[in-house]
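Peer 1: Need a 3D model of the following:
(one chain, ligands or ions: 1)
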Amino acid sequence: MTSNQPTPERIMQLANGYWATGILGAAASHALFTHLDAGADTPERLAEKAGISQRGVQALLDGLVSLGLVELHDGSYRNSDEASLFLVEGRPTCLSSFAKLKLAHMASTVVLPEVVAAGGPIADVTTEVADNPHWEELVPAIAAQSVPVALIAAEKLRIAQAGPISILDIGGGSGIYSAIWLEANPQARSTQLDWAPINAIARRLVGERGAADRFGTVDGDFHTADFGTAAHDIAIYSHIAHQEGEEDNVAVFAKIRGALKPGGTLVICDFVVDDDRSGPPFPLMFASEMLLKSKQGGTWRRADYRAWLNKAGFEDISFQPTMSPATLVFAR
Ligand SMILES: C[S@@+](CC[C@H](N)C(=O)[O-])C[C@H]1O[C@@H](n2cnc3c(N)ncnc32)[C@H](O)[C@@H]1O
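Peer 2: As a prediction, this is how the structure comes out:
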């Protein structure tokens, strides 16, 4: 074979992609990244700290070296910079809970051939179901993903310098945006609209960050709830647009436009696809996740957001890629 002939390596890796989900999820389940960070640097020490078998630890370490999450130097293991920032427990950006959740969800993918044939979910549980227990697992696990993105948005909107502003968080989940923005601006107040059990989680988590007295919640369905009139300076709609179709997104954007004061800003955070659907890679893959879980959802293009926001009354629309797979959309 000549050097530029295709090899089976990549397809073998893709077909076995579940190995990566398993290795990462199992390592997170046994806090290996946290023990590595604390100095346990051999299979013996890690097995002792995690209380698991040495054979199991060695298999995980081999896999993690292959995945580039752990480095091996002279018989001593350590986290890569990426693992150190994003997989050590206790760090605000830690994605270990998310890795464990994705391992638990892995079996749901086996029905993808049937879901693709049907053009939507075949299981009972979808994102449209009210008070779905899925959210109670998901929202704390995805909160860390939003930390760097919420900080970028805070910087862009100069939230720290904005004085006594009012924030509206639609489908706020863990309340992570409110927590970070209220921390940045001690005069700001925030209201989250979400299902009752999720709002209870958010009140606890925002309270742990010391902003409980400036954080209010409204229990309900954002499709039917009244958002108020000209009451808020900033609204956030993070990781929601992908579960909704065009009609519902436009309807929610229009209600948000009405709830914002003149000149107020809607911030959307989502996995946005290029207009010609050629990238970016993560949002392209995420479309299958929405096919599995939502009746109308998908990964929407910049052109979709522009058109839908215009229809809802927003005129000034800009996009800001972040260091995460999510893009921020600002609309005024
Ligand atoms: C993917 S999570 C995003 C949470 C948060 N915005 C974030 O970015 O971390 C979706 C959130 O929307 C809420 N949600 C979904 N459908 C809803 C509806 N129809 N009415 C109210 N909340 C809803 C869920 O409970 C969940 O908290």
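
Peer 1: ok, residue 32 - how many residues close by?
Peer 2: 28 (other CB atoms under 10 Å). Bear in mind the C-beta positions are built from the backbone N, C-alpha and C, glycine included.

Peer 1: Residue 60 is in contact with that one, correct?
Peer 2: Yes: the criterion here is CB atoms under 8 Å, and residue 32 meets it with residue 60 at 6.2 Å.

Peer 1: Please parse the chain into its domains.
Peer 2: Annotated domains of the chain cover 9-89, 124-331 [automatic domain parsing].

Peer 1: what residues are up against the nearest residue to residue 94 once chain neighbours are set aside?
Peer 2: Spatial nearest neighbour of residue 94, excluding adjacent residues (CB to CB, 6 or more residues apart in numbering): residue 144 at 5.4 Å. Taking CB atoms under 8 Å, 6 or more residues apart in numbering, we find residue 144 in contact with 86, 92-95, 97-98.

Peer 1: In a markdown table: the domains of the chain, plus distance to the ligand and mean pLDDT.
Peer 2: Compiled in a markdown table, the domains of the chain are given as follows (distance: least, CB to the nearest ligand atom, whole Å; pLDDT from 0 to 100):
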| stretch | distance to the ligand | mean pLDDT |
| --- | --- | --- |
| domain 9-89 | 16 | 98 |
| domain 124-331 | 3 | 95 |
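
Peer 1: Kindly provide the distance from residue 269 to residue 62.
Peer 2: 36 Å (CB to CB, to the nearest Å).

Peer 1: higher neighbour count, the two?
Peer 2: More crowded of residue 269 and residue 62, by other CB under 10 Å: residue 269, with 25 against 14.

Peer 1: which element is that one on?
Peer 2: Using DSSP states H and E, residue 269 sits in strand 260-270.

Peer 1: Give the other helices and strands that that strand contacts.
Peer 2: Applying 3 or more CB pairs under 8 Å, 6 or more residues apart in numbering; DSSP states H and E, one finds that strand 260-270 contacts helix 133-157, strand 232-238, helix 246-259, strand 327-331.

Peer 1: what's the angle from the last one to strand 260-270?
Peer 2: Here strand 327-331 points in a direction 160 degrees away from that of strand 260-270 (axes from the mean of the first three to the mean of the last three CA atoms, to 10 degrees).

Peer 1: before we move on, back to that, which among the domains of the chain is found nearest to residue 117?
Peer 2: domain 124-331 (10.7 Å; CB to CB).

Peer 1: that older thread, just checking: what are the partner strands of the strand holding residue 269?
Peer 2: strand 232-238 (parallel), strand 327-331 (antiparallel) (DSSP bridges).
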